[in-house]
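Participant: Give me a model of this one.
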Amino acid sequence: MARMSSTDRRVELVHAALRVIAAKGVAAATTRAIVAEAGMSLASFHYAFTSRDEMMRELIAYVVENETVAAVDSIPAGGDIRSIIEEAMRAYLKLLIDNPGHEQVMFELMHYAVRTPGLEALATEQYERYRAAVSELLEGAATLTGVTWSMPVNEIARIVVTYTDGFSLAWLSDRDDAAAERVIVFAAESLSRLAVSATQTSDSATPVR
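Facilitator: You can find the predicted model right below:
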């Protein structure tokens with residue numbers, strides 16, 4: 001059997017941790033449970049990660065990266081700012097529908113970190129990653145469509161994350177795809193009103209529809 005690289009080992013352990021947390025919760029995701037799920041030895045875990053917390057940070061980065069890639073890949077060629085926002089959020093919804101366990105894990109990780117002494121920074125890092133990813137998407141969308149944002153991008157990113165958190169929790173509770181779609185349409189319309197033509201000054205700018 002070919003020797004597994006350190007990178008591949010880390011990926012396999014992250015996938016195993018996602019499965020364990022989705023099935024049994026964060027508290028049950030001990031290093032022993034994770035390596036058992038991955039079919040590895042305990043030594044393999046410590047070869048790949050210096051600690052369980054490091055692995056949790058990598059897990060968060062992995063899920064956020066997948067969501068970001070899905071959103072970027074969804075951007076329609078020649079689309080306006082509203083359609084770009086709508087399609088990016090719709091791509092995120094598809095990921096949620098296809099892999100609900102991943103988002104359940106992310107919510108559980110946040111709650112676990114908030115109420116566990118010494119791990120509070122993990123929740124902060126998780127939402128910083130969300131906002132950074134969304135900020136990058138918003139900046140890229142503005143460049144593509146020739147608009148500027150009438151508010152700081154990081155503030156708009158916070159609003160976007162609030163929308164996605166809201167319809168994610170609602171969908172996880174009722175699995176109502178149509179209701180989530182309605183929220184996306186409303187959110188895209190609302191957010192697009194924060195975009196103004198890049199050729200106009202902030203004093204005279206009008207919203208881009």
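Participant: Next SSE downstream of the helix or strand that contains Ala113?
Facilitator: In this structure, Ala113 sits in helix 100-114 according to DSSP states H and E. Reading on from helix 100-114 to the C-terminus, the next helix or strand found by DSSP H and E is helix 120-145.
Participant: Return the set of buried residues in that next one.
Facilitator: Neighbour-count burial for helix 120-145 flags 122-123, 126, 129-131, 133-135, 137-138, 141-142, 144-145 (criterion: 16 or more other CB atoms under 10 Å). Placement of C-beta: from N, CA and C, glycine included.
Participant: roughly how far is that helix from the heart of the chain?
Facilitator: Computed by CA atoms, centre = their mean, to the nearest Å, the chain-centroid distance of helix 120-145 equals 9 Å.
Participant: quick revisit: can you tell me which helices and strands the helix holding Ala113 packs against?
Facilitator: Other helices and strands packing on helix 100-114, by 3 or more CB pairs under 8 Å, 6 or more residues apart in numbering; DSSP states H and E, are helix 6-24, helix 52-73, helix 81-98, helix 120-145, helix 153-174.
Participant: most packed of those?
Facilitator: Greatest average neighbour count among the helices and strands packed on helix 100-114 goes to helix 81-98 (a mean of 20), per mean count of other CB atoms under 10 Å.
Participant: hmm, back to that, please enumerate residues in contact with the helix holding Ala113?
Facilitator: Residues outside helix 100-114 that contact it (CB atoms under 8 Å, 6 or more residues apart in numbering): 18-19, 21-22, 25-27, 56, 59-60, 63, 66, 95-96, 119-123, 126-127, 168-169, 172.
Participant: 7 Å instead, please
Facilitator: By CB atoms under 7 Å, 6 or more residues apart in numbering, the surrounding residues in contact with helix 100-114 are 18, 21-22, 25-26, 56, 60, 63, 96, 119-120, 122-123, 126, 168, 172.
Participant: residue contacts, the most centrally placed residue in the chain?
Facilitator: Nearest to the mean C-alpha position of the chain, by CA atoms, centre = their mean, lies Val64 at 3.7 Å. Going by CB under 7 Å, 6+ apart, Val64 touches 129-130, 133.
Participant: at 8 Å instead, please
Facilitator: For Val64, the contacting residues are 126, 129-130, 133, by CB under 8 Å, 6+ apart.
Participant: can you check Leu95 too?
Facilitator: Listed by CB under 8 Å, 6+ apart, the contact set of Leu95 reads 66-67, 70, 102.
Participant: Tell me how the protein divides into domains.
Facilitator: Annotated domains of the chain cover 1-49, 52-197 [automatic domain parsing].
Participant: can you put the contacts of Val64 in TSV and add pLDDT?
Facilitator: Shown next, in TSV, are the contacts of Val64 (pLDDT from 0 to 100):
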residue	pLDDT
Gln126	88
Arg129	89
Tyr130	91
Ala133	90
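Participant: Mind putting the residues you listed into a markdown table with distance to Glu189?
Facilitator: As requested, the contacts of Val64 are exported to a markdown table (distance: CB to CB, whole Å):
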| residue | distance to Glu189 |
| --- | --- |
| Gln126 | 28 |
| Arg129 | 27 |
| Tyr130 | 22 |
| Ala133 | 22 |
